[in-house]
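I'll drop the sequence and a predicted model, then ask my questions.
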Number of protein chains: 2
Amino acid sequence: MEIKRVGFSILLFLCIVMLTTIPNIHASAQTKKPMVRMAKIVIDPNQLEAYKAALKKGIETAVRVEPGVLTLFAVYEKDHPTHVTVLEVYADEAAYQAHLQTPHFKKYKDTTKDMVKSLELIDVAPIGLETKAKS
Amino acid sequence: MEIKRVGFSILLFLCIVMLTTIPNIHASAQTKKPMVRMAKIVIDPNQLEAYKAALKKGIETAVRVEPGVLTLFAVYEKDHPTHVTVLEVYADEAAYQAHLQTPHFKKYKDTTKDMVKSLELIDVAPIGLETKAKS
């Protein structure tokens, strides 16, 4: 009887371990997928230089201090300098959500709120993301 | 007279040095500017998977073997999977010209010539290009 009870306890313990870890493994696999996004932004031409300075500062700070912000590439079109594109790569969805709560991101949003004429966020998936060491 | 002649020779030498180096410094500053470009490509939906495989291979090879190809980030839009964007960063114009002559680029162009429905090349300038070590 004692052996049966020990066996039952071990089985119960294993069941509890499986039930608690399997959903976590699944959730972890989902949230650990890199998140890639393209932002297309049109800027007020009268505030373009101020906008570019604010964006540059926000980008540099985010990639430097946030472990989950992997890449932020911001460019403007030479023929349409008010048309800005930002390609953003985060380690996962959680890293992106954390980024939104940082003081530097909130400052960027606040500084630029009257400079941005339109903002389109495009969900994208990577085909290839190849880069040499930090440029 | 001898001192004057030596002085004149030194002056002449310095003039020649200046005349030959200054244009080179200028040319070097011009050609060493990073070249950044955005390619917007629309793919035949029936050949999308083959196109993505060819692009991925071309990108990986170029960044691995070409010193002047710094970054090639290719993504497709989740809502319009046939819409591909490639952000390209080359060390300078010469690195880009060299890239066009490589066997892997020529192979990519040849493989994909009937898969690409449209190609728009947009000259862009960097605002911020920040990335952590090789992703």
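The structure has been received and is ready for your questions.

where's residue A:68 relative to chain B, distance?
Per C-beta to the nearest C-beta, to the nearest Å, residue A:68 is found 10 Å from chain B. The C-beta positions use only the backbone N, C-alpha and C, and glycine is treated the same way.

my guess is that residue contacts residue A:91. True?
Yes. Look at residue A:68 against residue A:91 with C-beta atoms under 8 Å: they come within range, at 4.0 Å.

next, residue A:75: phi, psi?
The phi/psi pair for residue A:75 (degrees, to the nearest 10) reads phi -140, psi 160.

go on, residue A:55?
According to degrees, to the nearest 10, residue A:55 has phi -70, psi -50.

how about the residues of chain A near chain B?
A:36, A:38, A:52, A:55-56, A:59-60, A:62-64, A:70-79, A:84-85, A:87, A:89, A:122-135 (C-beta under 8 Å from any C-beta of the partner chain).

using CSV, list the CA coordinates for the host helix or strand of residue A:130.
For residue A:130, the host element (DSSP states H and E) is strand A:116-131. Only the C-alpha atoms of strand A:116-131 are listed here, as CSV (Å, rounded to 0.1, in the frame of the first residue of the first chain):
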residue,chain,number,x,y,z
VAL,A,116,3.9,64.0,-37.8
LYS,A,117,1.3,64.5,-40.5
SER,A,118,0.6,60.8,-40.9
LEU,A,119,1.8,57.4,-39.6
GLU,A,120,1.2,54.0,-41.2
LEU,A,121,2.3,50.9,-39.3
ILE,A,122,2.8,47.9,-41.6
ASP,A,123,3.3,44.4,-40.1
VAL,A,124,6.0,42.6,-42.0
ALA,A,125,7.7,39.3,-41.8
PRO,A,126,11.4,38.8,-42.5
ILE,A,127,12.8,37.1,-45.7
GLY,A,128,16.4,37.8,-44.8
LEU,A,129,17.8,40.2,-42.1
GLU,A,130,21.5,40.2,-42.7
THR,A,131,23.9,42.8,-41.4
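
which residues sit against that strand?
The contact list for strand A:116-131 (C-beta atoms under 8 Å, 6 or more residues apart in numbering or on different chains) reads A:34, A:36-44, A:51, A:71, A:82, A:89, B:52, B:55-56, B:59-60, B:62-64, B:70-79, B:84-85, B:89, B:131, B:134-135.

mind listing what's buried in that strand?
Of all the residues in strand A:116-131, those buried under the rule 16 or more other C-beta atoms under 10 Å in any protein chain shown are A:122, A:124, A:127, A:128, A:129, A:130, A:131.

identify the bridge partners of the first one.
Read it as residue A:122. residue A:38 (DSSP bridges).

how about residue A:98: what's its closest non-neighbour residue?
residue A:68 (6.3 Å; C-beta to C-beta, 6 or more residues apart in numbering or on different chains).

please apply the same query to residue A:124.
Closest to residue A:124 by C-beta to C-beta, 6+ apart is residue B:75, at 3.8 Å.

select only the buried ones of the residues of chain A next to chain B in ChimeraX?
A single ChimeraX command is used to select the members of those judged buried by 16+ other C-beta under 10 Å:
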select /A:36,38,52,55,56,59,62,63,70,71,72,73,74,75,76,84,85,87,89,122,124,127,128,129,130,131,132
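
now the buried residues of strand A:116-131 in JSON lines, with pLDDT?
Converted to JSON lines, the buried residues of strand A:116-131 look like this (pLDDT from 0 to 100):
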{"residue": "A:122", "pLDDT": "98"}
{"residue": "A:124", "pLDDT": "98"}
{"residue": "A:127", "pLDDT": "97"}
{"residue": "A:128", "pLDDT": "95"}
{"residue": "A:129", "pLDDT": "93"}
{"residue": "A:130", "pLDDT": "94"}
{"residue": "A:131", "pLDDT": "92"}
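
for the residues you listed, which one is nearest residue A:112?
Nearest to residue A:112, judged by C-beta to C-beta, of those is residue A:122 at 18.9 Å.

that older thread, count of neighbours near the residue nearest to residue A:98?
19 (other C-beta atoms under 10 Å in any protein chain shown).
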